[in-house]
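Asks: coordinates only, sequence not included:
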DNA sequence: CAAACTACCTGACTGC
DNA sequence: TGCAGTCAGGTAGTTT
C-alpha cells in the first residue's frame, strides 16, 4: 500500500524519467481514472512539457509548462510504470502518456491500478499547491513542517492517537502500516486517547513516524531498476524491517512477547501488549 | 466544526 | 473443485 515512502520512491523515479519530456499523446482508458473534480479530460495535456514532479503526503503532481497541473493519487494499488511503447496488453492499465516523440526509443508513462482507488486529475494551482491537495497537511519531510503546532493539534483531538495519526489534515503521509510501526517505536498503544498523552509522548510518535518513513524510503530507493518504478512497497523493507505490521503471533523484536492484532476503526492494528501497554 | 461511519474496488485467501 | 464469504485499506462524502 503506497504510503509516503512508496509515493516518494515513485516521485523520484518519475522525476528521473519524465522531467523535460512532453506528453505527446494522452489516453484515459478507464471511466473512473479521472477524478470527478478534474477541470478537464486528461487529453487536454497533450503537448504539455513536465517541469517537475511534486509531492505532499501521498499526493503527487506534475508541474507543467502551463498553468494547469496533473495531480495523481495512487490509492491502494496505483502504480506508474515507464515502458517502451510497443508492449502487449497491460492488465489494469488506466491511462497512458506517450513521452516525447515517436521512435524506436520512445517510452510511455503508464498509470496502472488494480483496485481503482487511485485517480488522476487536471487541476489548478493555488499558491503552488493543487486545489485537490489544499486540505492535505504538510508531511514530516516538508521544510515548513511545524512539529510544535502538530503536537498541539493532536493533543486537542477527542479521539485515539492512531486515528489522529492517520488523519491527513493534521499531518500527512502516514498510512496504516507506518502508523502501527511508529506507535510501536514510540511505545504507545494505538487506542490511547490523545488527551491522555503528554506533549513529549505525542512528539515521540511524530519523530518515530518520520524516522520509520525515512528508513523505509532508503530501502525503497534502492529497489527499482532502470525502467521500472517500484510502487508496490513489497520489496525488501516489508519482509525485513517491520516490527509489528502483519506480525500477529510473532515475537516482539524488543521484548519477545507475542504481537497482537485488533480491529479498530475498521482496520487492523498491530501492537505489542507489553511495550505498548495502555 | 469534529468525529464517526460508509462506499468505493478487485484479487487473494479461507472454509465448507 | 467450486463457491460464498472475508479481508486488505486511502479518501471523500455523508451523517451524527
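Replies: Looks like it arrived, so ask away. Since this is a predicted model, take the numbers as computed values, not measurements.
Asks: ends of stretch A:127-145, how far apart?
Replies: For stretch A:127-145, the first-to-last residue distance is 17 Å (C-alpha to C-alpha, to the nearest Å).
Asks: Then stretch A:64-71?
Replies: Note: stretch A:64-71 ends 11 Å apart using C-alpha to C-alpha.
Asks: go on, stretch A:257-268?
Replies: Span of stretch A:257-268 from end to end, C-alpha to C-alpha: 19 Å.
Asks: cool, and stretch A:161-171?
Replies: 12 Å.
Asks: Can you name the element that comes right after the lowest-mean-pLDDT helix or strand in chain A?
Replies: Every helix and strand of chain A was ranked by mean pLDDT, DSSP states H and E. The lowest is helix A:237-241, at a mean of 59. As assigned by DSSP states H and E, the chain's next helix or strand after helix A:237-241 is strand A:260-264.
Asks: does any part of the following helix or strand past that following strand sit near DNA strand B?
Replies: Note on strand A:260-264: by DSSP H and E, the next helix or strand toward the C-terminus is strand A:267-271. No. Strand A:267-271 lies out of reach of DNA strand B by C-beta under 7 Å from any atom of the strand, never closer than 9.2 Å. Every residue, glycine included, has its C-beta placed from N, CA and C.
Asks: close to DNA strand C, is strand A:267-271?
Replies: Yes. Interface with DNA strand C: strand A:267-271 contributes A:267-268 (C-beta under 7 Å from any atom of the strand).
Asks: I'd like the distance between residue A:147 and DNA strand B.
Replies: The span separating residue A:147 from DNA strand B equals 19 Å under the rule C-beta to the nearest atom of the strand, to the nearest Å.
Asks: OK, contacts around that residue?
Replies: Residue A:147 makes contact with A:203, A:206, according to C-beta atoms under 8 Å, 6 or more residues apart in numbering.
Asks: How about residue A:51?
Replies: Residues in contact with residue A:51 (C-beta under 8 Å, 6+ apart) are A:19, A:62-65.
Asks: between those residues, which is nearest residue A:52?
Replies: residue A:63 (4.7 Å; C-beta to C-beta).
Asks: Let me know whether that closest one touches residue A:49 as I believe.
Replies: No. In this structure residue A:63 lies outside contact range of residue A:49 using C-beta atoms under 8 Å: 10.0 Å.
Asks: got the buried residues for the longest helix belonging to chain A?
Replies: What stands out as the longest helix in chain A, according to DSSP state H, is helix A:199-222. Using 16 or more other C-beta atoms under 10 Å as the test for burial, helix A:199-222 gives A:201-206, A:208-210, A:212-213, A:216-217, A:219-220.
Asks: what sits up against that helix?
Replies: Helix A:199-222 is contacted from outside by A:3-6, A:8-9, A:12, A:140-141, A:147, A:150-152, A:154-155, A:161, A:165, A:171, A:173-174, A:178-179, A:181-183, A:185-186, A:188, A:194, A:230, A:233, A:235-237, A:240-241, using C-beta under 8 Å, 6+ apart.
Asks: and if you look at stretch A:258-278?
Replies: A:160, A:162-163, A:176, A:180, A:183-184, A:187-192, A:244-252, A:254-255, A:257.
Asks: In the stretch 151-278 of chain A, where is pLDDT below threshold?
Replies: A:221-240 (pLDDT under 70).
Asks: which bits of it sit near DNA strand C?
Replies: Counting by C-beta under 7 Å from any atom of the strand, the residues of the stretch 151-278 of chain A near DNA strand C are A:166, A:168, A:175-177, A:245, A:263, A:266-268.
Asks: Pick out the most distant pair among those.
Replies: A:168 and A:263 (21.4 Å).
Asks: now the angle from the helix or strand encompassing residue A:6 to helix A:199-222?
Replies: For residue A:6, the element it lies in under DSSP H and E is helix A:4-18. Counting by axes from the mean of the first three to the mean of the last three C-alpha atoms, to 10 degrees, helix A:4-18 lies at 40 degrees to helix A:199-222.
Asks: Right, I'll leave it there.
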